[in-house]
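J.: only geometry, no sequence info:
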Ligand SMILES: *Cc1c(COP(=O)(O)O)cnc(C)c1O
């Protein structure tokens with residue numbers, strides 16, 4: 001079905017199987033004779049999708065009973081506000097590893113005392129700050145496990161003496177996660193688990209109810225726990241596609257299997273970036289993301305940037321332009337991005353080098 005190599009950063013490539021099943025469900029959903037977007041969200045056919053999707057999240061990420069998984073509207077950006085509303089009482093610390101982290105911090109600052117515990121802003125967020133001390137008197141530490149724009153990642157579950165909250169928008173389901181280490185994991189679906197229009201939250205139930213502020217009904221995670229993510233009309237179509245995406249993931253072996261594949265894809269591309277004299281990576285090697293691979297033309301070849309972009313476009317590469325704050329190139333190689341696409345990009349880079357160095 002795919003005619004191009006899709007490296008879009010988000011919304012991004014989704015499994016063919018999920019798209020095809022979504023098309024079928026638009027024609028006739030579960031034998032109802034109606035499109036999935038035409039049925040009542042209180043129907044038993046829709047309830048089955050919600051139940052299956054919740055169960056898949058729990059199974060794939062091994063979510064313990066202490067936590068609940070929620071599907072919400074508003075995107076990850078709305079969850080920046082949910083975080084502060086539900087968890088900030090006195091003081092919170094944010095690890096500032098990029099623009100998304102900074103935006104999350106901004107929302108918290110509007111509601112209380114929040115600060116950056118460490119920042120890599122000094123070098124365009126090209127690394128993950130280390131060696132900072134986490135005070136024990138804060139309500140939570142907020143981290144962004146994968147920095148979509150800069151291609152850095154915290155690919156492990158850190159030990160944290162205070163409740164740990166993670167924006168995992170762009171690396172959720174790319175690896176196994178020890179959910180028990182987090183008070184909250186949240187993100188938008190549109191990078192690894194589905195289309196835009198739905199976000200997810202995996203929240204530890206006993207971490208809620210500790211703030212004294214009034215929380216508006218829709219911004220209170222407890223509303224959505226009680227309502228089983230259907231307090232109001234849920235974004236049915238995005239949830240349907242998310243469910244199909246997770247079915248695909250389970251079918252290929254789950255998060256352990258996809259993590260192996262993701263590491264192979266990332267190694268393939270980073271090896272070429274390191275080998276090819278015309279390109280250079282922008283993220284610190286020890287912090288390189290397996291989801292977003294950022295690179296620029298090597299010193300001396302900067303003037304060839306547009307030419308390489310056109311060269312790659314001719315060969316079917318889509319979405320490799322770097323974010324405007326970093327420049328250069330970014331290939332997002334999320335779960336659904338096939339290894340053949342990564343190989344095609346690698347071949348394209350090698351071919352370009354050969355052509356220019358003749
Ligand atoms: C894309 C992204 C966001 C913003 O997601 P929206 O759903 O568009 O609000 C937040 N954090 C990270 C890490 C992202 O990659």
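T.: Cool, got the structure. These figures come from a predicted structure and were not determined experimentally. Residues are numbered from 1 along each chain as shown.

J.: unless I'm mixing things up, residue 318 is touching residue 12, no?
T.: No. Counting by Cβ atoms under 8 Å, residue 12 is not a contact partner of residue 318; they are 10.3 Å apart. From N, CA and C alone the C-beta is placed, and that goes for glycine too.

J.: Have a look at those two and say which one is more surrounded.
T.: Counting neighbours by other Cβ atoms under 10 Å for residue 318 and for residue 12 shows that residue 12 has the greater number, 22 against 16.

J.: Three-state assignment for the more buried one, please.
T.: Using DSSP: H, G, I helix; E, B strand; the rest coil, the secondary structure recorded for residue 12 is coil.

J.: and if you look at residue 212?
T.: Three-state secondary structure (criterion: three-state DSSP) places residue 212 in coil.

J.: Contacts only, for it.
T.: Neighbour list for residue 212: residue 89 [criterion: Cβ atoms under 8 Å, 6 or more residues apart in numbering].

J.: got it, and residue 26?
T.: With the criterion set at Cβ under 8 Å, 6+ apart, residue 26 makes contact with 35-37.

J.: which bits of this structure sit near the ligand?
T.: Within reach of the ligand by Cβ under 6 Å from any ligand atom, the chain has these residues: 10, 75-77, 100, 144, 148, 167, 169-170, 188, 191, 199.

J.: which among the residues you listed gets closest to residue 290?
T.: Checking the residues of the chain next to the ligand against residue 290 with Cβ to Cβ, the nearest one is residue 170 at 10.6 Å.

J.: so that closest one makes contact with residue 192?
T.: Yes. Counting by Cβ under 8 Å, residue 170 does reach residue 192; the two are 6.8 Å apart.

J.: what residues are shared contacts of these two?
T.: The contact sets of residue 170 and residue 192 overlap at 291, 334 (Cβ under 8 Å, 6+ apart).

J.: any shared contact partners between residue 318 and residue 12?
T.: Between them, residue 318 and residue 12 share the neighbouring residues residue 6, with contact defined by Cβ under 8 Å, 6+ apart.

J.: and the residue of the stretch 101-250 of the chain found nearest the ligand, what are its bridge partners?
T.: Ranking the residues of the stretch 101-250 of the chain by distance to the ligand (Cβ to the nearest ligand atom) places residue 188 first, at 2.7 Å. In this structure, residue 188 has beta-bridge partners residue 199, where bridges are defined by DSSP bridges.

J.: Roughly how far does residue 325 sit from the ligand?
T.: With the distance defined as Cβ to the nearest ligand atom, to the nearest Å, residue 325 ends up 13 Å from the ligand.

J.: Just give the nearest non-adjacent residue to that residue, would you?
T.: In space, residue 325 comes closest to residue 149 once its chain neighbours are excluded; the distance is 6.4 Å by Cβ to Cβ, 6 or more residues apart in numbering.

J.: Provide the secondary structure category for the one you found.
T.: The three-state label given to residue 149 by three-state DSSP is coil.

J.: Next, count neighbours for it.
T.: Residue neighbour count, defined by other Cβ under 10 Å, stands at 21 for residue 149.

J.: Hmm, residue 98 and it touching each other?
T.: Yes. Judged on Cβ under 8 Å, residue 149 makes contact with residue 98 at a distance of 5.7 Å.

J.: shared neighbours of the two, which are they?
T.: Listed as contacting both residue 149 and residue 98 by Cβ under 8 Å, 6+ apart are residue 125.

J.: Just the pLDDT for the residue in the stretch 251-358 of the chain that the ligand sits nearest to.
T.: When Cβ to the nearest ligand atom is the measure, the stretch 251-358 of the chain has its nearest residue to the ligand at residue 292, with 8.5 Å between them. Confidence per residue is given as pLDDT, and for residue 292 that number is 98.

J.: List the contacts of the residue lying closest to it once chain neighbours are set aside.
T.: Setting aside the residues directly before and after it, residue 292 is nearest to residue 151 in space (Cβ to Cβ, 6+ apart), at 4.5 Å. For residue 151, the contact set (Cβ under 8 Å, 6+ apart) comprises 281-283, 288-289, 292-294, 330.
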